[in-house]
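> Make a model of this:
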Amino acid sequence: MPDAVSRFYRQYFPETPVTNHMLQVVCPFCKRQHRKNPGTLTILLNEESFFHGYFWCRNRCCEGGFPLYFAKLNGISLDHVPGFDPDREYFGRDIDFPAKNINQDVIDFTEKLTPELINGFQHQAISKAVLEETKIGYNGRYLVYPYIQRDDNYYAARCVHPEKEGDSFWYGNEKFTTNQFHLFNCTEIDRCENGSLVIVEGEKNLLPLKKLGLPCIAVPSAADLVHIDERQLQWLRTIFLWVNNTAESLTAARSFATIIGYKVRLVSWQADHPRKYSLTSLAVDRGKDFQQDVFTMLRKARAFSPFATPDREYYLFNKLLGNDSDPERHTVNTGFPLLDKTFGELRGINIMGGTPKAGKSCLFIQIATEMASRKIPVIYYDFENGKQKIYLRTLSRWSRVSTEVLLKGRLTPEEVARVEKAKKKLKEALRWFRVVNDRQLTPELMRRHIDFLRRETNGDRAVVIIDSLHKLPFKDLTKRRSGIDGWLRHMEAIRDELQVSFLVISELARGQDGQFEHQPQLGSFKGSGDIAYSADNALIFLPEWDPFESTPPEDRINNLWMVASREQSPGKIAAYRLDFPYWGFTEQQG
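Below is the predicted model:
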């Protein structure tokens, strides 16, 4: 359990083992309330889940939430909670609530809820405990959905006819019936800080999810999504948006996702689900299978992505090889021990220069794909090779089959087996490895790419590789040096704001005789004096072999030098022998 969230919970329950990614203990909150039969407190500890760190009591003695809310319930100093930021400002905390509320009315309405209505709810997978928890009531003709506010009081409620959902009206303080306050169960937002939350259309559709233990809020209709101030949701990590299966609702959901950004994941209905279908309809039709269907649909929910899907990337690559098979994904950070030892941990901006055809791209492609195979998110901005060539060379390296043989398709049975295994590994890695060839790239677009990939992979780390610095897009090609320096300034900002690591390829300058220097030094870099100031590590990749001599490819060795570093001593890092013809290098002592 190496991650901070798991360590946080384990220090309070050190004797309890984690089983199936869940930590289950006798609920301390039930004990605090002196309940005769304490429930089970379940904590989800699965780093690959969007609900990692979420806790809930099966007795429903308290609302569920994420680590910050757990700390507040237990009186734990927030300084000890992973993800706590003392400088955060929370929207809506400055609202002045009136002295008069409708709390007693809400209680009176709950007492009028008839057995027939309760049975109807239970038929829709909504338990009596959930009705009591959310204070659902009845005024004699209409169901009453009370809207709790941040001060834990009720000032307004929406009344809906049990059989005609279009027949509704608002009850209570008019100020709290305006669009600004159309968020049912809105206090859930604070409990889910740094975590995930589900937004549904219609208060009733929230209730079966509530029974499953999921954190959720609701809007009366999808049309109300446009009135949600995005600042209310800014400290949520992921938002699942689940609207009814109508064209109007789906259009409103996409508009909302566009405004909020990549943290929103849209839950899609299947092709065989009828129009106007809803969560309560699904609960009625699926019965005991409802829970499984809900979690399956949540897992399949997709964000608005600036990338092609990994499956499509793989399909296009596989089509190039003339192989339409679709093998299952297979999992196999630089992959070079001496380089890792030098870095300690890959951080900051690392710029590597080298002579033409020395293998700079080959080395960085190898590093990138090995990282991705270890589930480290990598964005590779490529202006040299093209996606298909990168994928093909990676497949060659992993399968130990040359690209020439791969393209001709004349493989032995042993080679076929190795290629199939390597293809599985490549397909799995594509979730974490994204190649971008966009020559209209901007720093803001790069930020969006990083934000998306982190959310998509549910990871905090990311590595950005740029191949190469001198081919990044510039507004004015006549001002290349100022353009390069400008990009370096943006990389510094992105490094500091998003804690991203950069690996950047640079060109080397030629001397007055038109030749490259054989003595690696910081002044060898081309086109920018700012590299000396921007780079956390400056490296130079120089061949021992003469490109004008017919040195056999398998005998070609390059030396990697550290010429400047904020933390490391300069000197030779290692030698790299070309792994011909498999588009890779093997590391050896210099």
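
> what about Q122, how many residues close to it?
14 (other C-beta atoms under 10 Å). The C-beta positions use only the backbone N, C-alpha and C, and glycine is treated the same way.

> immediately after the longest helix seen in the chain, which helix or strand?
Counting by DSSP state H, the longest helix found in the chain is helix 480-498. Later in the chain than helix 480-498, the nearest helix or strand by DSSP states H and E is strand 501-507.

> tell me which residues in the helix or strand following that next one are buried?
Following strand 501-507 in sequence order, the next helix or strand is helix 531-534 (DSSP H and E). Neighbour-count burial for helix 531-534 flags 531, 534 (criterion: 16 or more other C-beta atoms under 10 Å).

> Where does pLDDT dip in the stretch 451-590 of the chain?
476-479, 512, 514, 527-529, 547-548, 590 (pLDDT under 70).

> Can you mark which positions in the longest helix of the chain are buried?
Buried residues in helix 480-498 (16+ other C-beta under 10 Å): 483-488, 491-492, 494-495.

> Just send those residues back as JSON lines, with distance to F295 too.
Converted to JSON lines, these look like this (distance: C-beta to C-beta, whole Å):
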{"residue": "G483", "distance to F295": "48"}
{"residue": "I484", "distance to F295": "48"}
{"residue": "D485", "distance to F295": "50"}
{"residue": "G486", "distance to F295": "46"}
{"residue": "W487", "distance to F295": "43"}
{"residue": "L488", "distance to F295": "45"}
{"residue": "M491", "distance to F295": "40"}
{"residue": "E492", "distance to F295": "42"}
{"residue": "I494", "distance to F295": "35"}
{"residue": "R495", "distance to F295": "37"}
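
> Just name the closest of those to A303, please.
Closest to A303 out of the buried residues of helix 480-498 is I494 (20.4 Å), distances taken as C-beta to C-beta.

> Not counting residues beside it along the chain, what's closest to that closest one?
V500 (5.6 Å; C-beta to C-beta, 6 or more residues apart in numbering).

> So what's the residue count around that neighbour?
Number of residues near V500 (other C-beta under 10 Å) recorded here: 22.

> Over to the one 4 residues further on?
Other residues within reach of V504, judged by other C-beta under 10 Å, total 26.

> can you check A301 too?
Neighbours of A301 (other C-beta under 10 Å): 18.

> Now do it, the pLDDT please.
Listed pLDDT for A301 reads 93.

> which residues sit in contact with it?
240, 265-268 (C-beta atoms under 8 Å, 6 or more residues apart in numbering).

> which of the residues you listed are buried?
Buried members of the contacts of A301, scored by 16+ other C-beta under 10 Å, are 240, 265-267.

> circling back: now do the longest helix of the chain: everything it contacts.
So helix 480-498 is contacted by 348-349, 443, 446-447, 450-451, 462, 464, 469-470, 472, 474-477, 500-502, 504, 527-528, 530-531, 534 (C-beta under 8 Å, 6+ apart).

> Is there a quick PyMOL command that grabs whichever of those residues are buried?
In PyMOL, this line selects whichever of these come out buried by 16+ other C-beta under 10 Å:
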select buried, resi 348+349+446+447+450+451+462+464+469+470+472+474+500+501+502+504+527+528+530+531+534
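
> what's the angle between the longest helix of the chain and strand 501-507?
170 degrees (axes from the mean of the first three to the mean of the last three C-alpha atoms, to 10 degrees).
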